[in-house]
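S.K.: I'll drop the sequence and a predicted model, then ask my questions.
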Amino acid sequence: ILIRYAKSPVLVIIDADTILELNAIKNLVMPFVLYGNVGATGGRKVPITKSLIVRGFWDVHHKFSLIVQSKLCSSIIALRRDVVDEIPSSIGCPDTYISLYIRRKGLKILYVPSVIGYAIEPGNIWNFIKQRKRIYVQHLYITSLVNSIPPALQPRLYIKALIETLMKNPRATPIYIGCT
């Protein structure tokens, strides 16, 4: 992705299979107007799937994003054009790559949970596991490139998110345990 040729000071990157709620883009870019030190914002991905485990995973991911507040979800991102010139084609997780550069520049990443995008997720649990495995390998690759560990590779944060999610909905324990 070549960012340096963009004209706008704020760029919005949305996955092709993501359907946004009304006013999502406006709400995603509003923090750039309100606060001067924002490097990127991210919205909340809500899966379209019948799999309770996949939905449970994204519930925990949402709680994780609320805790970390410096994590982007690749489905819905807005970023300052001057944060990074380009995203190499070898990068399969641009959200992780962008996040690490933004933190290095001392800028904030804001999670905007009111910005919701619906995306089709694998309905088959094995396909979902394969997808998550590819993302994990990409996180390891990006870590080796930029010599920084993304929040997604810090288990203590996920454990905290899982506990908070379980406290909110204890009846879903088997679903959430299956997604960790």
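M.R.: Happy to help now that I have it.
S.K.: contacts only, for the residue nearest to the spatial centre of the chain.
M.R.: Nearest to the mean C-alpha position of the chain, counting by C-alpha atoms, centre = their mean, stands Cys73 at 1.5 Å. Counting by C-beta atoms under 8 Å, 6 or more residues apart in numbering, Cys73 touches Gly42, Gly43, Arg44, Lys45, His61, Ser65, Asp95. All C-beta atoms are positioned from the backbone trio N, CA, C, and that covers glycine.
S.K.: next one: phi and psi at it?
M.R.: Backbone dihedrals for Cys73, given as degrees, to the nearest 10, come out at phi -110, psi 120.
S.K.: show me what it is bridged to.
M.R.: Cys73 forms beta bridges with Ile76, as assigned by DSSP bridges.
S.K.: distance of it from Ile135?
M.R.: To Ile135, Cys73 is 11 Å away according to C-beta to C-beta, to the nearest Å.
S.K.: can you pick out the most distant pair from the contacts of Cys73?
M.R.: Farthest pair in the contacts of Cys73 (C-beta to C-beta) is Arg44 and Asp95. Separation: 13.1 Å.
S.K.: more neighbours, those two?
M.R.: Of the pair Arg44 and Asp95, Asp95 is the one with more neighbours under other C-beta atoms under 10 Å, namely 25 against 22.
S.K.: tell me the helix or strand right after whichever strand or helix holds the more buried one.
M.R.: Counting by DSSP states H and E, the element that carries Asp95 is helix 94-104. Heading C-terminal from helix 94-104, the first helix or strand you meet, by DSSP H and E, is strand 108-120.
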